[in-house]
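Asker: My questions concern the predicted model and sequence given below.
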Amino acid sequence: MAAEISGDQSFGIERHGEIAVVIPTPKVEEMHEALIDEAARMVVAKLREDPPEGIVIDLSQVNYFGSVFVSFLLRCHREAKKLGSEIVLAGASEPARELLHLLDLETLWALYDDRKEAIEALSGSD
C-alpha cells in the first residue's frame, strides 16, 4: 500500500505489515527548508495514524542531501522514538553515506544497502 504524502509527490509512504517505508524522491535534494518542514509534519502525522514497529527511510532515489534533509531525518527519528518505532536507512548513495559519517549519524541509524534488506532486518528484530 502506497500513499502520497506531499502534493508535489516529494515523499511517499508504503506499508509492509508492521514496517513503514518512507520514500523521498529526488525532489528533496532541492527543497527549501519550509517545504521540507511541511513534508516532515505530513510524514510524521501519517505515521502517527497507525504507528509502525519499524520505519525504513529509503534513500535510493536521492543522490545527495544537505542539512535541511538531515533535520528532516532527525525530526522523524525523534517522533519515531516517541511512537516506540525504530528507524533505519536504506539505499544511501556514497555522497549521502559520507555526509552521514561526517555528522556521526551512522551511529544513530543502521544503514542497509537496499529496502528489502532493511525490511527483513526490522521484521526479524522482534
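Answerer: Cool, got the structure.
Asker: how distant is stretch 78-95 from the center of its chain?
Answerer: Relative to its chain's centre, stretch 78-95 lies at 5 Å (CA atoms, centre = their mean, to the nearest Å).
Asker: And stretch 63-82, by the same measure?
Answerer: 7 Å.
Asker: Pull out the buried residues from it.
Answerer: By neighbour count on 16 or more other CB atoms under 10 Å, the buried set for stretch 63-82 is 65, 68-70, 72-73, 75-77, 79-80. (C-beta placed from N, C-alpha, C; glycine too.)
Asker: Inside strands: which ones of those?
Answerer: Assigned to strands by DSSP state E, none of the buried residues of stretch 63-82 qualify.
Asker: Just send those back as TSV, with pLDDT and distance to Ile55 too.
Answerer: What follows is the buried residues of stretch 63-82, written out as TSV (pLDDT from 0 to 100; distance: CB to CB, whole Å):
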residue	pLDDT	distance to Ile55
Phe65	82	17
Val68	82	20
Phe69	86	16
Val70	89	16
Phe72	85	13
Leu73	90	11
Arg75	85	12
Cys76	86	7
His77	90	9
Glu79	85	9
Ala80	87	5
